[in-house]
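**Q** got a structure for you, letters missing:
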């Protein structure tokens with residue numbers, strides 16, 4: 001397995017605001033249940049917590065806190081299925097095109113059992129060896145077709161951030177965070193996608209160093225990076 005070295009660059013621009021943890025946990029994304037259900041293997045993949053989400057401006061909205069609640073059942077097959085679905089829903093929004101693209105993992109799988117096995121294996125690595133090893137597992141031997149880093153790091157984050165194994169908590173790495181890293185971390189090349197395990201390791205190192213210095217949790221740094229990345233062209 002590849003690993004990254006100790007990162008020494010600053011991860012956020014001077015004067016950046018790191019959101020409070022309550023703000024991070026409350027980050028809510030609208031979703032459309034009717035668009036998701038026909039694309040799942042069956043209705044048993046849909047977590048009931050999503051049906052209890054509040055309606056805002058006519059749309060149900062799921063926040064990070066709800067997905068964390070769902071993740072507490074990830075020690076069972078059904079719980080892992082619910083975690084995967086909730087992670088996809090939270091990261092996709094309501095556009096039909098986005099939902100269909102991110103739900104391709106179900107149609108592309110050789111079987112539901114294959115998804116179950118790969119999900120269990122990668123989360124098992126997370127529980128035994130930590131975030132970097134689990135990233136390598138999801139990105140290599142346990143790769144689920146069409147489940148790229150932007151979404152399998154959602155799964156890792158919700159499954160492991162509040163119960164870390166090893167030195168680093170898993171964090172979400174998507175194109176918006178990577179855009180912020182391209183500006184903040186000039187020592188290495190940050191591509192738009194396809195991030196290797198050493199890149200993920202470096203990101204975790206940078207984020208955890210900043211979090212320790214600021215007296216916050218690492219996902220607050222991730223949220224600040226995401227906010228910064230959204231304002232970059």
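**A** All right, it came through fine. All values reported here derive from a predicted model rather than from experimental measurement.
**Q** quick one: contacts for residue 178?
**A** By C-beta atoms under 8 Å, 6 or more residues apart in numbering, residue 178 lies in contact with 190, 191, 192, 193, 195, 229. All C-beta spots, glycine's among them, are computed from the backbone N, C-alpha and C.
**Q** the strands in this structure, which residues?
**A** 28-31, 55-56, 59-63 (DSSP state E).
**Q** pLDDT on the second one, on average?
**A** Per-residue pLDDT values across strand 55-56 average out to 96.
**Q** Same question for stretch 116-132: list its buried residues.
**A** For stretch 116-132, the buried set under the neighbour-count rule, 16 or more other C-beta atoms under 10 Å, comprises 116, 118, 119, 120, 122, 123, 125, 126, 130, 131, 132.
**Q** Check the gap between the third one and residue 80 for me.
**A** In other words, residue 119. The gap separating residue 119 from residue 80 is 5 Å, by C-beta to C-beta, to the nearest Å.
**Q** next one: the fourth one
**A** Relative to residue 80, residue 120 is positioned 6 Å away (criterion: C-beta to C-beta).
**Q** And for the second one?
**A** In this structure, residue 118 and residue 80 are 10 Å apart, going by C-beta to C-beta.
**Q** Over to the last one?
**A** Residue 132 sits 20 Å away from residue 80, going by C-beta to C-beta.
**Q** Also residue 190?
**A** In terms of C-beta to C-beta, residue 190 sits 30 Å off from residue 80.
**Q** Also residue 18?
**A** Residue 18 is 31 Å from residue 80, by C-beta to C-beta.
**Q** got it, and residue 66?
**A** Distance from residue 66 to residue 80, by C-beta to C-beta: 17 Å.
**Q** Please enumerate the helices of the protein.
**A** For the chain, the helices defined by DSSP state H occupy 21-25, 33-36, 64-71, 77-92, 96-102, 104-108, 112-129, 131-139, 149-160, 175-184, 197-214, 218-230.
**Q** Dump those helices to TSV, plus mean pLDDT and distance to residue 45.
**A** Listed next are the helices of the chain as TSV, based on pLDDT from 0 to 100; distance: least, C-beta to C-beta, whole Å:
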stretch	mean pLDDT	distance to residue 45
helix 21-25	98	24
helix 33-36	97	9
helix 64-71	98	12
helix 77-92	98	5
helix 96-102	96	13
helix 104-108	96	8
helix 112-129	98	9
helix 131-139	98	19
helix 149-160	98	14
helix 175-184	93	26
helix 197-214	95	27
helix 218-230	95	25
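**Q** closest one to residue 54 among those helices?
**A** In terms of C-beta to C-beta, the element of those nearest to residue 54 is helix 64-71, at 9.7 Å.
**Q** Now the closest one: buried residues?
**A** For helix 64-71, the neighbour count (16+ other C-beta under 10 Å) marks 64, 66, 67, 68, 70, 71 as buried.
**Q** which of those residues lies closest to residue 170?
**A** residue 71 (11.2 Å).
**Q** OK, contacts around the closest one?
**A** Per C-beta under 8 Å, 6+ apart, neighbours of residue 71: 79, 83, 86, 158, 159.
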